[in-house]
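A.B. asks: Quick one: sequence and predicted model below, then my questions.
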Amino acid sequence: MKLYFASGNDHKRKEMSRLLGGYDLVLPKDEGIEFDPEETGSDYISNAVIKAEALYSIVHAPVLADDSGLSVDALGGKPGVHTARYGEDEAGRKLSAEEKYMLLLKNMKGITDRKAHFVTALCLILSDDRRYIIQETCDGSIALSPSGTAGFGYDPVFFIDEAGMIAAELPEGEKDRYSHRGRAARLMKLLLDKEMER
Ligand code: IMP
């Protein structure tokens, strides 16, 4: 089954294809479609829906969109929907992944409640009247210092409760078992597989 994936990111496509197994994910850019909707939502679900609806209105075919981020309890849920742009200045200068997680550690200096949650929202639109939303979470805490070399983004400072390890210390692929995206994608696969039987 061909499924449009509302992203411009090849790495994300590869990961989502692996997690969903058996679905041909097509990025808008593969077909020369210009796609860069403004993510104006105040939560992950709103942004996933914005992306899915924007692409569906162009392709009128099954579309999957995702939105993820890191919510830290003691920071009132921040960086949240702004996780990817954390620390960006007015001029829009982007920080590297390492600069971002080091900034997070700096902003949490002296804070003892370090509970945090990675969240992923997925929105699937199959047709005008068949739409599904899944949101999943990976609970953990922000470490006091970085550790590990696997993964990406904030993985070196995110301790996964269930795994008892920092995300970047987990061998390749094993993170999927615990991760927000792994959990959400497994549920989405059940849903898609069921749809295929219709
Ligand atoms: P996106 O919406 O999937 O692009 O995620 C937003 C940002 O959240 C990314 O740029 C990453 O910095 C961060 N992020 C999301 N998922 C993860 C993860 O599994 N590990 C580390 N960082 C993540």
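C.D. replies: The structure has been received and is ready for your questions.

A.B. asks: can you map out the strands along this protein?
C.D. replies: Assigned by DSSP state E, the chain shows strands spanning 2-5, 24-26, 63-72, 79-80, 115-127, 130-142, 158-160, 165-166.

A.B. asks: Point to the residue nearest the middle of the chain.
C.D. replies: Within the chain, one residue has its C-alpha closest to the average C-alpha position: by C-alpha atoms, centre = their mean, that is residue 68, at 3.0 Å.

A.B. asks: how about the residues of the chain that lie near the ligand?
C.D. replies: The chain has residues 67-70, 83-84, 118, 151-155, 167, 179 near the ligand, with proximity defined as C-beta under 6 Å from any ligand atom. C-beta here means a position set from N, CA and C on the backbone, and glycine is covered the same way.

A.B. asks: Of those residues, select the buried ones using a ChimeraX command.
C.D. replies: Restricted to buried positions by 16 or more other C-beta atoms under 10 Å, the ChimeraX selection for those reads:
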select :67,68,69,70,83,118,151,153,154,155,167,179
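
A.B. asks: would CSV of the strands of the chain with mean pLDDT be doable?
C.D. replies: Listed next are the strands of the chain as CSV, based on pLDDT from 0 to 100:
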stretch, mean pLDDT
strand 2-5, 96
strand 24-26, 93
strand 63-72, 98
strand 79-80, 97
strand 115-127, 98
strand 130-142, 97
strand 158-160, 98
strand 165-166, 98
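
A.B. asks: can those go into CSV with extra columns for distance to residue 187?
C.D. replies: Shown next, in CSV, are the strands of the chain (distance: least, C-beta to C-beta, whole Å):
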stretch, distance to residue 187
strand 2-5, 15
strand 24-26, 17
strand 63-72, 12
strand 79-80, 22
strand 115-127, 8
strand 130-142, 5
strand 158-160, 19
strand 165-166, 24
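
A.B. asks: highest average neighbour count across those strands?
C.D. replies: Counting by mean count of other C-beta atoms under 10 Å, strand 63-72 has the highest mean neighbour count of these, with a mean of 25.

A.B. asks: name the helices or strands packed onto that one?
C.D. replies: In this structure, strand 63-72 packs against strand 2-5, helix 10-20, helix 44-59, strand 79-80, strand 115-127, helix 180-197, with contacts taken as 3 or more C-beta pairs under 8 Å, 6 or more residues apart in numbering; DSSP states H and E.

A.B. asks: Mind listing the strands the fourth one pairs with, and their directions?
C.D. replies: If I follow you right, that is strand 79-80. strand 63-72 (antiparallel) (DSSP bridges).

A.B. asks: Could you give the bridge partners of residue 121?
C.D. replies: Beta-bridge partners recorded for residue 121 (DSSP bridges): residue 67, residue 135.

A.B. asks: which residues touch it?
C.D. replies: Residues in contact with residue 121 (C-beta atoms under 8 Å, 6 or more residues apart in numbering) are 43, 44, 45, 47, 48, 66, 67, 68, 133, 134, 135, 184.
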